[in-house]
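Asks: here is the input, now give the coordinates:
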Amino acid sequence: MAAFELVLPRRDLTLGRGRRWLTNLAIVATDTAVLRIVFPMAAVGIALWASENGIGLFPWLELSFWLAALLGFVLLDFAVWAEHWASHKIPLLWRIHKMHHVDRDIDVTTALRFHPLEILISMAWKAAVVVAFGIPVVAVLVFEVVLNGAAMFNHANVKLPGWLDRGLRLLVVTPDMHRVHHSVIRRETDSNYGFNLSIWDRLFRTYVDQPRDGHAGMTIGLAEYQTPEPAGYLWSLALPFRRPPARAEGKGVADASVKADREIA
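Replies: Modelled structure (predicted):
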């Protein structure tokens, strides 16, 4: 996807790669280390433990393997959608999740940019779903691979042909569909929560087809953080513990963006 971005980019980058990529890759390295310490078994290991002990609704119902695997995959996808929705609606979770949204560009590395606390919360939530339903190990493994691949795909700064985008988003989240979610406009930020299957946003009426200002003209990030700081590693990790500034909209966003670009230049 990184190579695809170089060949066929959708937007010009505001802050570029350089420091942003270094920060985002350092964040995912930190996430991985923290996750291995707190959840060394990860979701697949937890599924294996539940399977060996016959725990969960599916084993109790004696569902066939393939039915349990299919239902488990869909349930996990909905669980991730619901967690993402909650991360925007519950203030404490939003303070943690917004580190993902302050990135002023959206590309393949943005898919890796999540606060370590959010990674731990997400793993605990997925583990609870896996144990409660007794989702087969193979289904959990496939889901984890698909979820991570899908996230890097739909965060990528790539331009797909319109006909391909329209066709794909009937089933899965495309880059153009998810990019709307990273807009500074609140109505657009609170839309298109899906990471893999696109059905949930349509079902729960959180789907927005296109950004108001177009993909080339839209402003990415959060209105109150249109500055160079989100490209910093320590600044990003400390963000949930900072007092949030007043939210800016409209003209203030443009002014802040221009000022920040001049500082970078």
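Asks: switch to C-alpha atoms for all contacts and neighbour counts from now on
Replies: OK.
Asks: do I have it right that His101 meets Thr219?
Replies: No. His101 is beyond contact range of Thr219, at 11.8 Å (criterion: Cα atoms under 8 Å).
Asks: Val138: which element?
Replies: Here Val138 sits within helix 137-155, counting by DSSP states H and E.
Asks: burial of Ser208, as a residue count?
Replies: Slight slip there: residue 208 is Val, not Ser. Neighbourhood size, Val208 [other Cα atoms under 10 Å]: 19.
Asks: rewinding a little: how about the helix holding Val138: buried residues?
Replies: Residues 137-141, 143-144, 147, 150-155 are the ones in helix 137-155 that count as buried (16 or more other Cα atoms under 10 Å).
Asks: closest to Arg20 out of these?
Replies: When those are compared for distance to Arg20 (Cα to Cα), His155 comes out closest, at 14.5 Å.
Asks: distance of that closest one from Leu234?
Replies: In this structure, His155 and Leu234 are 23 Å apart, going by Cα to Cα, to the nearest Å.
Asks: what residues sit buried inside stretch 69-80?
Replies: Ala69, Leu71, Gly72, Phe73, Leu75, Leu76, Asp77, Phe78, Ala79, Val80.
Asks: please report how far Met1 lies from Thr109.
Replies: Looking at Met1 against Thr109, where the rule is Cα to Cα, the gap reads 10 Å.
Asks: of those two, who's got more company?
Replies: With other Cα under 10 Å as the criterion, Met1 and Thr109 differ in neighbour count, and Thr109 comes out ahead with 25 against 17.
Asks: who are the contact partners of the residue sitting furthest away from the middle of the chain?
Replies: When distances to the mean C-alpha position of the chain are computed (Cα atoms, centre = their mean), the maximum falls on Glu62, with 33.9 Å. Remark: with contacts taken as Cα atoms under 8 Å, 6 or more residues apart in numbering, Glu62 is in contact with nothing.
Asks: list phi and psi for it.
Replies: Note on Glu62: backbone dihedrals following degrees, to the nearest 10 are phi 60, psi 40.
Asks: going forward, the N-terminal residue is numbered 56.
Replies: Let's use 56 as the start, then, which means that last one is Glu117.
Asks: quick one: Asp245 and Leu215, what's the gap?
Replies: For Asp245, the distance to Leu215 equals 24 Å [Cα to Cα].
Asks: just want to know which of the two has more residues nearby.
Replies: Set side by side, Asp245 and Leu215 show more neighbours around Asp245, with 18 against 15, by other Cα under 10 Å.
Asks: nearest residue to that one other than its sequence neighbours?
Replies: Among residues not flanking Asp245 along the chain, His236 sits closest, at 6.7 Å (Cα to Cα, 6 or more residues apart in numbering).
Asks: you'd agree the one you found is in a helix?
Replies: Yes. Under DSSP: H, G, I helix; E, B strand; the rest coil, His236 sits within a helix.
Asks: re earlier: who touches both of Met56 and Thr164?
Replies: Here Met56 and Thr164 have Met207, Ala211 as joint contacts, going by Cα under 8 Å, 6+ apart.
Asks: what helices or strands is the helix holding Val193 leaning on?
Replies: Packing partners of helix 192-210 (3 or more Cα pairs under 8 Å, 6 or more residues apart in numbering; DSSP states H and E): helix 97-107, helix 120-144, helix 230-234.
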